[in-house]
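Q: What follows is a predicted protein model with its sequence.
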Amino acid sequence: MKAILDDMPVRGRILAAIVLLALAAAPFVANRYLLSVLTLILYLAYVGQAWNLVMGFCGQLSLGHALYIGLGGYVAALFWLEFGVGPWIGVFAAMAVAMAFGAVIAWLGFRFGIEGVYFSLLTIAFAEFTRIGFDNMAFTGGAGGLFIPYEEKRLGEWWNLRGGQWMYYYIALLLAAGAVTLTAWLARSRLGYQWVAIREDETAARALGIDAFAVKMKAMLISSAMTAVGGVFYAFYYNTLFPSQMFDMGRSIEIIMAPIVGGLGTVFGPVVGAFVLTPMGELLIAATERLGFNAPGTKAVFYGAMLIVIIMLRPAGLWPWLARMLGVWERKP
Amino acid sequence: MSTLLTVAGVSKRFRGLLAVDRVSFEIESGEIFAVIGPNGAGKTTLFNIIAGVFAGDEGAITFDGERIEGLSSDAVCRRGIGRTFQLVRPFPALTVEDNVVIGALLHRSDVAAARRHARDVLARLDLFDKRGLTASALTLPDRKRLEVARALATEPKLLLLDEVMAGLRPTETDRMVAILADINRERGVAILLIEHVMRAVMALATRVLVLHHGAQIALGTPDAVVRDPAVVESYLGAEAVG
């Protein structure tokens, strides 16, 4: 923790403190709608960070991270609905299940040399057939979905993750801040350097004694577990789970947008990306609603356009450029 | 002196082509051993078999008392064999220092300790002042030295160098020769050198193996090998000897 702070320039520390304080104080000034947008931003920053570990640092493109959102959400919801076990305990089961799936994908991909595009296809395939499986399983509610009842009497039961907007906001803030800290720590660890070596040149990395399989496996395990925690949060925040939404390709894309826009392989990129993209998407929805035309897919088209513009102008993402402008240059590991 | 590496009857066939044909030699610990031969003689294939890039079809390789043929490249490195690539492969987006830190992390889990070791190695390779540059910004001679620095940072007992002199000017070659001689003397690292630059081979090697069409045609001291008629005919040509 101290090493992380030591690596930050003074301006960076001040900026981080201001942002963190502002976010901590936000519920006292923001209205309910603004707070829900902020909650969504922090959630996307969190899951984006989880994905960033695999892609941004270790260089393995997973396009099926919705799998771990779905598994995490469903496992914790079922623990709660079927056994009355609260999500603070259910989250461990959620992580375990997600890690098991992540391990199988990683084992298949990394053990048998399924690399690059083929690895990405493998991750999509797993998310898709899990979605189809959940669509047809009776005890998870099938395609009809699973619902966590909203009970007035349970409001404020934070130990069961039942509460109001404030509670979800602070939990999302805690998750995002925790993910940033964990990433900063990992990036400065031996494992972080090994990930980056694999990303840059796997053959050269192996010639330096790095066990590529083990190192990539660790990236997948950590990332899938983290993403599952995001899924648990999602499930108890929105209270409704449909396989067609939880495991959807669109959700996988949603996860990867913020880190790509903010800056792959950086500690703050996913956060910056989420703060830029999400409000713009919300504004767009509000604008189209006010104008009275409600064309489905407007948001997707907008995100696509944003991605093209940002990749053309700032191929390394917004954060490295922003950090230079602010004089808080992040040492890129 | 004890034997560090034993290569016994190693062969490798690519389809019809016998790239390496029953090659056998030993390297003593602390020795500088050179493998020379014309292009296509099988030098790099032999090198890759030792480094674990691919397995030979037959033969045994023993390193430090342990059989290593068929091990993967990372496992070979962990046993104490560092290598460079003929076509250099730095981690392009990383700084020179971080490139070497990754090598140093093989035997250190603490990044700060690895960084200290990396700086020592960089100073040895005349790269200390360039440690903050991005590796992709380096000139070819610097990249060649970075390859050596990175491999050396893993603290190998045997360093495999694949044409690290190629593309260097004579003064740069002499500098590299001096650096390698120092490393060999001070750290006792044995070196297996694949090299075309005879000037470097003659200055460094204690013994030389000559390959031609995959087979070994001579093995001995540099002076003896360059006078060997078979070597002169197949590889060096008359003028190189004179």
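A: Great, that's in hand.
Q: Shouldn't residue B:59 be within a strand?
A: Yes: using DSSP: H, G, I helix; E, B strand; the rest coil, the assignment for residue B:59 is a strand.
Q: Can you give the contact residues for stretch B:221-235?
A: Contacts with stretch B:221-235, where a contact means C-beta atoms under 8 Å, 6 or more residues apart in numbering or on different chains, come from B:34, B:36-38, B:41, B:198, B:201-202, B:205-208, B:210, B:212, B:217-220, B:236, B:238, B:240-241. Any C-beta I mention is one placed from the backbone N, CA and C, and that applies to glycine too.
Q: list the contacts for the residue nearest the centre of chain A?
A: In chain A, the residue lying closest to the centroid (C-alpha atoms, centre = their mean) is residue A:47, at 0.9 Å. Neighbour list for residue A:47: A:65, A:69, A:226-227, A:230, A:255 [criterion: C-beta under 8 Å, 6+ apart].
Q: Also near chain B: which of those residues, exactly?
A: Among the contacts of residue A:47, no residue is within reach of chain B (C-beta under 8 Å from any C-beta of the partner chain).
Q: closest to chain B among those?
A: Closest to chain B out of these is residue A:226 (22.1 Å), distances taken as C-beta to the nearest C-beta.
Q: and that closest one, how many neighbours does it have?
A: By other C-beta atoms under 10 Å in any protein chain shown, the residues close to residue A:226 number 27.
Q: and chain A, which residues reach chain B?
A: For chain A, the residues in contact with chain B (C-beta under 8 Å from any C-beta) are A:188-190, A:193-194, A:196-197, A:200-201, A:203-212, A:332-333.
Q: Can you list the low-confidence ranges for the chain?
A: The chain I'm using is chain A. For chain A, the stretches with pLDDT under 70 are A:1-3, A:329-333.
Q: wrong chain, I was asking about chain B
A: B:1, B:237-242.
Q: Next, the residue most central in space within it: phi, psi?
A: Of all residues in chain B, the one closest to the mean position by C-alpha atoms, centre = their mean is residue B:161, 1.7 Å from it. As for residue B:161, its main-chain torsions (degrees, to the nearest 10) stand at phi -120, psi 120.
Q: Could you pull up the residues touching it?
A: Contacts here follow C-beta under 8 Å, 6+ apart; on that basis residue B:161 touches B:83-84, B:148, B:180, B:191-195.
Q: Which of these fall within strands?
A: Of the contacts of residue B:161, the ones assigned to strands by DSSP state E are B:83, B:191-194.
Q: if we can go back for a sec, just checking, which of the contacts of residue A:47 belong to helices?
A: In helices, defined here by DSSP state H, the members of the contacts of residue A:47 are A:69, A:226-227, A:230, A:255.
Q: residue in the stretch 201-333 of chain A nearest to chain B?
A: For the stretch 201-333 of chain A, C-beta to the nearest C-beta, closest residue to chain B: residue A:209, 3.6 Å.
Q: right, and that residue touches residue B:106 too?
A: Yes: Residue A:209 lies in contact with residue B:106 (C-beta atoms under 8 Å); the separation is 4.3 Å.
Q: tell me which parts of chain B are close to chain A?
A: Counting by C-beta under 8 Å from any C-beta, chain B sits next to chain A at B:51, B:72-75, B:77-78, B:82-83, B:85, B:89-94, B:98, B:101-103, B:105-106, B:108-111, B:114, B:150-151, B:154.
Q: which among those end up buried?
A: Among the residues of chain B next to chain A, the ones that count as buried by 16 or more other C-beta atoms under 10 Å in any protein chain shown are B:51, B:73-74, B:77-78, B:82-83, B:85, B:89-91, B:93-94, B:98, B:101-103, B:105-106, B:108, B:111, B:114, B:150-151, B:154.
Q: Could you report the neighbour count for residue A:169?
A: Burial measure for residue A:169: 22 neighbouring residues, criterion other C-beta under 10 Å.
Q: Now for the nearest residue to it once chain neighbours are set aside, which secondary structure element holds it?
A: Leaving out its chain neighbours, the residue that sits closest to residue A:169 by C-beta to C-beta, 6 or more residues apart in numbering or on different chains is residue A:39, at 4.8 Å. Assessed by DSSP states H and E, residue A:39 sits inside helix A:32-52.
Q: For that helix, buried residues please.
A: For helix A:32-52, by 16+ other C-beta under 10 Å, it's A:35-52.
Q: Over to stretch A:85-105?
A: Neighbour-count burial for stretch A:85-105 [16+ other C-beta under 10 Å]: A:86-87, A:90-95, A:97-99, A:101-102, A:105.
Q: The closest residue to residue A:206 other than its chain neighbours in helix, strand or coil?
A: Closest residue to residue A:206 apart from its sequence neighbours, by C-beta to C-beta, 6+ apart: residue B:74 at 4.3 Å. At residue B:74, secondary structure determined by three-state DSSP is helix.
Q: Contacts only, for residue B:74.
A: With C-beta under 8 Å, 6+ apart as the criterion, the residues that contact residue B:74 are A:206-212, B:52.
Q: Can you give me the distance of it to residue A:86?
A: As judged by C-beta to C-beta, to the nearest Å, residue B:74 and residue A:86 stand 44 Å apart.
Q: Also residue A:246?
A: For residue A:246, the distance to residue A:86 equals 20 Å [C-beta to C-beta].
Q: Among the buried ones among the residues of chain B next to chain A, name the ones in helices.
A: Per DSSP H, these map to helices at B:51, B:73-74, B:77-78, B:98, B:101-103, B:111, B:114, B:150-151.
Q: and the closest residue to residue B:67 other than its chain neighbours, bridged to which residues?
A: Nearest non-adjacent residue to residue B:67, counting by C-beta to C-beta, 6+ apart: residue B:60, 6.3 Å away. For residue B:60, the beta-bridge assignment (DSSP bridges) gives partners residue B:8.
Q: doesn't residue A:108 make contact with residue A:122?
A: Yes: if you go by C-beta under 8 Å, residue A:122 and residue A:108 touch, sitting 6.4 Å apart.
Q: Quick check: phi and psi on residue A:239?
A: phi 70, psi 0.
Q: what comes up buried for the longest helix seen in chain B?
A: Secondary structure of chain B per DSSP H: the longest helix is helix B:170-187. In terms of neighbour count (16+ other C-beta under 10 Å), helix B:170-187 has its buried residues at B:172-173, B:175-177, B:179-180, B:183-184.
Q: Chain A: which of those residues is nearest?
A: Looking across the buried residues of helix B:170-187 and measuring by C-beta to the nearest C-beta, the closest to chain A is residue B:183, at 17.3 Å.
Q: tally of neighbours for residue 31?
A: If you meant another chain, say so; for now it's chain A. The number of residues packed near residue A:31 is 9, by other C-beta under 10 Å.
Q: meant chain B actually
A: Neighbour count for residue B:31, taken as other C-beta under 10 Å: 19.
Q: you'd agree it is up against residue B:206?
A: Yes: using C-beta under 8 Å, residue B:31 is in contact with residue B:206, at 5.2 Å.
Q: one step back: rebuild the contacts of residue B:74 as TSV, extending it with neighbour count, secondary structure and distance to residue A:234.
A: TSV is the format used below for the contacts of residue B:74 (neighbours: other C-beta atoms under 10 Å in any protein chain shown; DSSP: H, G, I helix; E, B strand; the rest coil; distance: C-beta to C-beta, whole Å):
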residue	neighbour count	secondary structure	distance to residue A:234
A:206	24	helix	37
A:207	28	helix	42
A:208	27	coil	39
A:209	24	coil	40
A:210	27	coil	35
A:211	17	coil	34
A:212	19	helix	32
B:52	23	coil	45
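Q: Brilliant, that's me finished.
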